[in-house]
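Asks: model this:
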Amino acid sequence: MNQLTSYARQFQDIVVLYLPRLFMAGVALMVGWWLIGWASRVVAKASRHLDVSLGSFLTSLVNIVLKVLLLISVAGMVGFETTSFVAILGAAGLAVGLALQGTLANFAGGVLILIFKPYVVGDTIESQGKSGEVREIQIFNTILVTGHGDTIILPNGATSNNVIINKTAQNKALVEIATDLDNPTDLAALRAWAIPLMAADADVLPMPAPQVVVTALKPGGLSVAFRAYTAAGLSGPAQARLIEQLQQALAR
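Replies: Residues are numbered from 1 along each chain as shown. So this is what the prediction gives:
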C-alpha cells in the first residue's frame, strides 16, 4: 500500500511538473505551425517575380528550416536535452555538405544565374568550349541545344565561374564571309557593288553598316572579309544567301 501511495505521489509530481510544459509546448507548436504557414505564403508571394524554379525552392527551404527549428524549440520547452540533437544535426549537415560539395556548387551557381541572369532561355551562349541555344535553366544544370540537334548539359557551378559569351544579348550577330582575291582587285569597285548587295538583304541590319575589309596580304593576292550584322538568330540563313549572291557576283 505504501508503495502504491509512493507511485501515485511520484505520478502526481510528474503531472504537476510536466503538464504545464506540455500545455505550453502544444500552444507553441500550434501557433508556430500557423506562423510558419503564414511566413511560407509571404515568401511565395514575394518570390513571384523570380524564376518559378527559384521561387518554389526558396519557399520550400524556408518552410523546412522553420519547422525544424520549431520542433527543436518545442522539445526544449518540454524538457528534452536539445544540445546533443543540434550537434548531431550539425555533424550530419557537415557530412552531407562534404559529400555533395560538387552538387552544392552547381546549386549555388544555378541560383546566381537565375538571379543575375547572364543569359536567359532562348539566348545563344558559349561557355566551357561549348555553344548552343539555352533551352532550359535548371537548379543544377543548364541545357543547350546546338544547330546539329545535340543536347549539351553544362553544370551551373563551372558555368557561373567561367567566361560566358552571350551571342544574343545585344540582339545582333555578325556575318563574316572571307575569301581570297587577286592582287589587281579594285577595292573601291568591289565595295561599290558588294556593300549595296549585302544591305539589300532583308535580314541585314542598316546599323552597323555592311563592310568590306582587307584582313591579310598574301603573295599574289589578298584576303578580304564581307561583314554584315543581322538580328540574333538570323545569321545562319542570311550568311547562306549572301555567300551565294557574292559568289555569283564575283564570278561575273
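Asks: Can you show me the CA trace of stretch 60-73 as PDB?
Replies: Provided in PDB are the C-alpha atoms of stretch 60-73 (Å, rounded to 0.1, in the frame of the first residue of the first chain):
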ATOM      1  CA  SER A  60      10.200  25.000 -49.600                       C
ATOM      2  CA  LEU A  61      13.600  25.800 -48.000                       C
ATOM      3  CA  VAL A  62      12.100  28.400 -45.600                       C
ATOM      4  CA  ASN A  63       9.300  26.100 -44.700                       C
ATOM      5  CA  ILE A  64      11.500  23.100 -43.800                       C
ATOM      6  CA  VAL A  65      14.100  25.200 -41.900                       C
ATOM      7  CA  LEU A  66      11.500  26.900 -39.800                       C
ATOM      8  CA  LYS A  67       9.700  23.700 -38.900                       C
ATOM      9  CA  VAL A  68      12.900  22.000 -37.800                       C
ATOM     10  CA  LEU A  69      13.700  25.000 -35.600                       C
ATOM     11  CA  LEU A  70      10.200  24.900 -34.200                       C
ATOM     12  CA  LEU A  71      10.300  21.200 -33.300                       C
ATOM     13  CA  ILE A  72      13.700  21.700 -31.600                       C
ATOM     14  CA  SER A  73      12.300  24.600 -29.600                       C
END
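Asks: What mean pLDDT does that stretch get?
Replies: For stretch 60-73, mean pLDDT rounds to 80.
Asks: Pull out the buried residues from that stretch.
Replies: Under the neighbour-count criterion of 16 or more other CB atoms under 10 Å, stretch 60-73 has V62, N63, L66, L70 buried. Every C-beta, even on glycine, is put in place using the N, C-alpha and C of the backbone.
Asks: what about the helices in the stretch 51-200 of the chain?
Replies: Remark: helices assigned in the stretch 51-200 of the chain by DSSP state H, counting those that start in this stretch are 52-78, 83-99, 101-116, 156-160, 187-199.
Asks: out of these, deepest packed?
Replies: Mean neighbour count (mean count of other CB atoms under 10 Å) peaks for helix 156-160 among the helices of the stretch 51-200 of the chain, with a mean of 21.
Asks: what residues are up against the closest residue to M77 other than its chain neighbours?
Replies: In space, and not counting its chain neighbours, M77 is closest to A25: 4.4 Å by CB to CB, 6 or more residues apart in numbering. Under the criterion of CB atoms under 8 Å, 6 or more residues apart in numbering, the neighbours of A25 are V74, M77, V78.
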